[in-house]
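Student: what follows is a predicted structure for the sequence shown.
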Amino acid sequence: MAEHRDVFIVCNNFEELGGLQRWVHHIGRLFAERGHRVHLIGITHAERAHDYGSDLPYATTVLYERRPAAKWQPRGALDRLNVPAQVRMARRRAGMRRAAARLSEIFRTGGPGSVVIAAQVWAMEWVALADTRGMTVIGMSHESYAATRSSSRYERVKTYFSGVDSFLVLTQEDADAWAAAGMSAAGAMPNPLHVHPERISSLDEQVVVRLGRMSFEKGQDLLLEAWAKVAPRHPGWRLRLYGSGPDEAEIRALAGELGLTGSVEFPGPTDDLETALTGGSIFALSSREEGFPMSILEAMAYGLPTVAFDCAPGVRELITHDVDGLIVHPGNTVKFAASLERLMNDAGLRRSFGAAARASVTRFAPHTVVDQWERLFTLLER
Amino acid sequence: MPLLSSPDVTVVVIVYNDAERLPNAVRSVLEQSLRGVEVVIVDDASTDSSAQVAEGFARAHPDRVRAIRLPENSGGCGRPRNVGIGHARGSYVMFLDSDDTLDRHACRNMVAAAEETGADLVSGRCVRVYSDTGDERSWYPSLYRRRAVLDDVLENPTLLYDTLSTNKCYRRDFLERANLSFVEGLHYEDLLFSAQAYVSARRIAIIPHRVYNWFVVQRGPNLSITNRRNELRGFADRLTIHRAIDEVFRKHDAVELKRRKDAKFLNHDLVLYLRELRSRDADYRREFLDLARAYLAELGEEAFDECKPLPAIGGLMVLHGDYDAALAAADYLPKKGVRPTLSTDLVERDGRVYWCDRHLDGERERRILDVTDLGVHSAPFNTFKLGGRVTEVSRRGSDLHVAGDAVNPLGRIGSKDLTGTLEFRDRQRKGRAFRVQARVGTDGRRIHWEATFPGERTIRPIGLLDQTFGLWLVLSAEGQNITVRLTSDVVDYEQAAIAVRPRLTRLAGDHMEFYVPESGELALRTVATGWPGRVTLPLLRKAATNGAGARVWGTLSRKERDLLTGLKSRKTKIAVYNSVLRRLPVRKGTVVFESHLGAQYSDNPKYIYEELARRGGGHKVIWSYKSSPKGFPKKAELVKRGSWAYYRALARAEYWVDNQGFPAGLIKPSGTTYIQTWHGSAFKQMGFDEPQVKAATRARHDRMRQMVGRFDHFVIRSEHDRRTLVKGLGVTADLLETGYPRNDPLVTGGDPKQLAALRRRLGLGDDRTVVLYAPTFRADEKGRPVKRFEIPFELERFVRELGRTHVLLIRAHYLSTVVVPPGVSHAVVDVGDVHDVSQLLLLSDVLVTDYSSLMFDYALLDRPIVFYTPDADTYVNQDRGAYFDLAEHAPGPIVTEEHELFATLRDTTREKDVELRRRFVERFGEYDTGTAAKTIVDRFFPGGRRG
């Protein structure tokens, strides 16, 4: 029996509707169920708060009532004379010190064996200022190494997470990449499966499903391009694109341009995963960038075979090609179309992939993942 | 305080006379994130205060540190480590040298991996940290990219190359079970220890995490053992160790491992030593090579087949006692990032190229010495250096006389227009050199050169800043520069040879003497022999290497280096271009031409230029070239791509004309018109239609749009182009439906004089059928073009079956090269260096291609086209994707087998092809009517003679 700890999870905000927030509440609940005392700390409030329930089994705190000013750095000598910006920054620094003091106070309530999990690098800037002596500090990045590498977060991750006791990413391949890049505390921790299917897909609906924000990264445009090659040959089939987002209008327009209005549906965003996933028999992930795509995990749990672009190590970790899904070279829409078609044409293949998918996701069953966390807590204390 | 009860790890820290650095090493253990770690410091009877320092740690941390002192010095690392193992109490053991440190998480990562996998041995990343510069380099990074678990070292035999004992963590009961200990009294004890550990471990885990920091001191008097390779004793030790490893492998019956290890000895150990021999004297060389030869004789023959080609040559030549040829092999295998030097006289026998004219009687020797595949017989001279020698240095009156020779690979360099420059290159500053003319000649076998010059007035060092100069010869033949690296057996090393007057006066030295740096070339360095230099130079040097002087000096030289590289960097030039140059007024009538990023004088830009030049309209024309101005028009101004002159020219030109793209990031000046001619219609998907671009980030898409957005006019040769290229690249420019200027001659017949000249140059004198083979490039996994194109049919078979009736011209895509053995040269010619492919199309009777856009152009000639596509499946379906089905539209037969290809070439007449070609041209080339260049010049460059 593992000992009960105080676990402080610090993230940018835990109120927004998003993958990270879903994970924060889920893992918080799982830790609480094991008897750990959990405290969720958001740096700021969300602009639009999502309802994660009122009866939360853990404490929550938000450090800032109003969002702190964005960071500013003078460009060149002249820019240093920008007085308003300098004042803003002085205020920001003072605010950060106050918020960090508050954080230290919260941390002091923890008993021996306390753990701080900084779930995002921005949140770590505050954790780094706070007093964490005697505590185990764990940093996390929820995106793939490649995605971080090509963004400004790379340097920030290297700076702010350099001193943590453990730096966790979502797959072993990403952890290896970080280790090779010099982060010697890098390790892997998968996200737990957070759905408990009551029923699974019959795999008979002639529907291909995609859930996700409508944005360039998620590549709905590429999916439509592939669909345009398939749809004319399969008049009975539909492509259902759930979600909304910045590129929604563009994507709807593209469907029109490609003459797909008859075979593509846009039901909008949904909370009802069960209806969405049991209503289809193939899941399509056409993203350009991903971390550890929870939507694949969900689809697999509902017994759907997946066709996905090989856009992140997370995809390879979840799908075993030709066993429970089909992995396609990034951007190859011809191959993507052919892969969809292969599954559309073969109900037997859908069933065997679907069954394998459900068996495969037991690796990410909540109790397995929480066990892994508890083993890590123990290791970090040795 | 009692000792830590049952620690996880014991780290054995060994020290000998290193009191200064020992605390860092020990602290790196005490500060481990894993708490259950103890330290055993074993002092190898130091004579400095190391023992006291160790005792101090033991007193301060009685629960975690023990200090042990050996009664007498053992002279190596073996004995102290063994003593340390004897005192270890942890479940795991690691070793640390007093001058290195462990990463903070090393122990935890190692122990976690061992517990998770049950491995006997965990190996992590070792990083070499260069003390003077702070640079870091991973040790065998390819081994430490991914986590791995091996049940047998043969699952990844590359591990044999990592022979360190220090970046590893051993189960203590494994050390006991396998009876592992270090050999004592020999250097390189690590090699034997790690070999024994690898072969005995029941499971090995590899982690990509950094565990060990190996601090490397490059210069200075106190070299660590591994850096003191210039000691023969060290080499003898190495061989003894290798013999012991062989014995271990024999005992374990590890035949396969032994073979891999032998290959590693050739690939790695031997090459390492051979490379350095250039800087050793004759006695040393002979002694070294005799030692090596005795050991090589014990290796099995398989080792030579297992290892890479050049190390095999090196080893074989040592074995034969041919030390010149062996050293030459090492010259051709320089460190990463350095161009190879060819310092052997190659010979051609029976159509193959051999390393030297000796030892060619044996079958095995012939196989190993056959270097035809290296392609040196046809490779451009800017891809390698030649090896040369200084054979004489003497005084002629007040002048200095230097003479020598150099290799002339297979007589490729003719004596016509051959000139040379002797260069004394500042070894710290790229591009700075003192130059004197040399007289050069060749007898076809070797190149001979000599130079006479006033030494004191020619070589004018500043002093202190530039103390060493390398000696180089640069040949110039047929408009290209050929670099010759010089070595010498005759000069007096370390004797004042040339009097100099530094600009900082004779306080900073008065002579230069010859020496050989690690990089192997003959070099000169400043010395002082007379007053006042003899006193002042050492003082100045001392001041610059100690205390505050060293800091100031270090900062200054770093700043200077940064400034020099910064000034020359592409980024700087583009920034200056964008912020300053492009705001200069445009010079009317100036046109900058470029073809394939400066690689050639060819394609549409060439034909537009020729039309322009023919009319003599008074335009100022500038051509950009990538590496050599050879083959570019003499009447135009030539600028090197990427030079300041290039950016200046682009900033002020009224017109930009190219077929691919001027440097990304350049903003087109407001008064400039950009005519993008492009370089071929598309079969493969292009631009935004390419899978890898589709999958790319928005930022990359934006950059592409920015590049393409600069085009003002875009030349197309068919409506097919509009549907594919224009859409795929996202072209928004005005479309010029003129057809391709380069295809004008394909319609009109071309210039018979030019064609006749090219025929003569290629030796196409007879009436054999001329087959042009022009495949496109292939890409590797990351989508980069593969440099060497492997011809997918057997050339010898072509010669056997068709050589009497056909001549094969091979034209690789400009991004790749092919190697044609000299033995087939009477029937196979590499025409990669002919700039203008249009001329090749004109003089060939049949085209063989796969997916090259040349198919579209060649169809205009109404001559047979054969499609040879042995890899159609992978190429079209997996790699690129195509705009149309080749089988449906191909204006000629598609074959995938070698015998089919040859059968088709024997008789290319197919009734239906005439009609297919007509339809192909109609569909894919309707605007190519022979008037493209005229139309474009009329519209954009009026003036001069018309018609």
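Tutor: Nice, I can see it.

Student: going forward, measure contacts and count neighbours with C-alpha atoms only.
Tutor: Noted.

Student: return the distance of B:L840 relative to chain A.
Tutor: 35 Å (CA to the nearest CA, to the nearest Å).

Student: wait, a helix at that residue?
Tutor: Yes: with DSSP: H, G, I helix; E, B strand; the rest coil as the criterion, B:L840 is part of a helix.

Student: thought it was touching B:A774?
Tutor: No: shown here, B:L840 and B:A774 do not form a contact pair, counting by CA atoms under 8 Å, at 10.1 Å.

Student: so for those two, which residue has more residues nearby?
Tutor: Taking neighbours as other CA atoms under 10 Å in any protein chain shown, B:L840 and B:A774 compare with B:A774 leading, 24 against 21.

Student: tell me the contacts of the more buried one?
Tutor: Counting by CA atoms under 8 Å, 6 or more residues apart in numbering or on different chains, B:A774 makes contact with B:810-813, B:847-850, B:852, B:854.

Student: burial of A:W72, as a residue count?
Tutor: 11.

Student: how far away is it from chain B?
Tutor: Counting by CA to the nearest CA - A:W72 and chain B are separated by 23 Å.

Student: contact partners for that residue?
Tutor: Per CA under 8 Å, 6+ apart, neighbours of A:W72: A:85, A:89.

Student: over to A:P313?
Tutor: A:P313 is in contact with A:144, A:171, A:173-174, A:291-292, counting by CA under 8 Å, 6+ apart.

Student: who wins for neighbours among those?
Tutor: Within the contacts of A:P313, A:T171 tops the neighbour count with 27 neighbours, counted by other CA under 10 Å.

Student: quick check: that one touching A:V315?
Tutor: No: counting by CA under 8 Å, A:T171 stays clear of A:V315, with 9.7 Å between them.

Student: list the residues that contact both of the two?
Tutor: With contacts defined as CA under 8 Å, 6+ apart, the residues shared by A:T171 and A:V315 are A:F292.

Student: re the thing from before, and which of the contacts of A:P313 is nearest to chain B?
Tutor: Relative to chain B, the closest of the contacts of A:P313 is A:E173; by CA to the nearest CA it sits at 7.1 Å.

Student: need the contact list for that closest one.
Tutor: Applying CA under 8 Å, 6+ apart, the residues near A:E173 are A:313, B:146.

Student: quick one: pLDDT of it?
Tutor: The model reports A:E173 with a pLDDT of 93.

Student: can you tell me the element it falls in?
Tutor: Using DSSP states H and E, A:E173 maps to helix A:172-180.

Student: any stretches of chain A with poor pLDDT?
Tutor: A:1-2 (pLDDT under 70).

Student: so which bits of it are right by chain B?
Tutor: For chain A, the contact set with chain B under CA under 8 Å from any CA of the partner chain comprises A:165, A:173, A:176-177, A:179-180, A:182-186, A:216-217, A:222, A:288, A:330-335, A:379-382.

Student: just the buried subset of these, please.
Tutor: By neighbour count, with 16 or more other CA atoms under 10 Å in any protein chain shown, those hold A:165, A:173, A:176-177, A:179-180, A:182-186, A:216-217, A:222, A:288, A:330-335, A:380 as buried.

Student: now, these that are in helices?
Tutor: A:173, A:176-177, A:179-180, A:222, A:333-335, A:380 (DSSP state H).

Student: what residues does stretch A:79-90 touch?
Tutor: Contact with stretch A:79-90 is made by A:69, A:71-72, A:74, as judged by CA under 8 Å, 6+ apart.

Student: with stretch A:248-263 instead?
Tutor: Contacts of stretch A:248-263 (CA under 8 Å, 6+ apart): A:214-215, A:220-221, A:224-225, A:228, A:231, A:235, A:237-239, A:264.

Student: drop anything exposed from those.
Tutor: A:214-215, A:220-221, A:224-225, A:228, A:231, A:237-239, A:264.

Student: any idea which helix or strand comes after the helix ranked longest in chain A?
Tutor: The residue-count maximum for a helix in chain A (DSSP H) belongs to helix A:83-108. Where DSSP H and E defines the elements, the next helix or strand beyond helix A:83-108 is strand A:115-118.

Student: helix A:83-108 and whichever helix or strand comes after that following strand, what's the angle between them?
Tutor: Counting by DSSP H and E, the element after strand A:115-118 in chain order, helix or strand, is helix A:121-129. With axes from the mean of the first three to the mean of the last three CA atoms, to 10 degrees as the basis, helix A:121-129 and helix A:83-108 are set at 70 degrees to each other.

Student: would you mark the buried spots in helix A:121-129?
Tutor: A:121-128.
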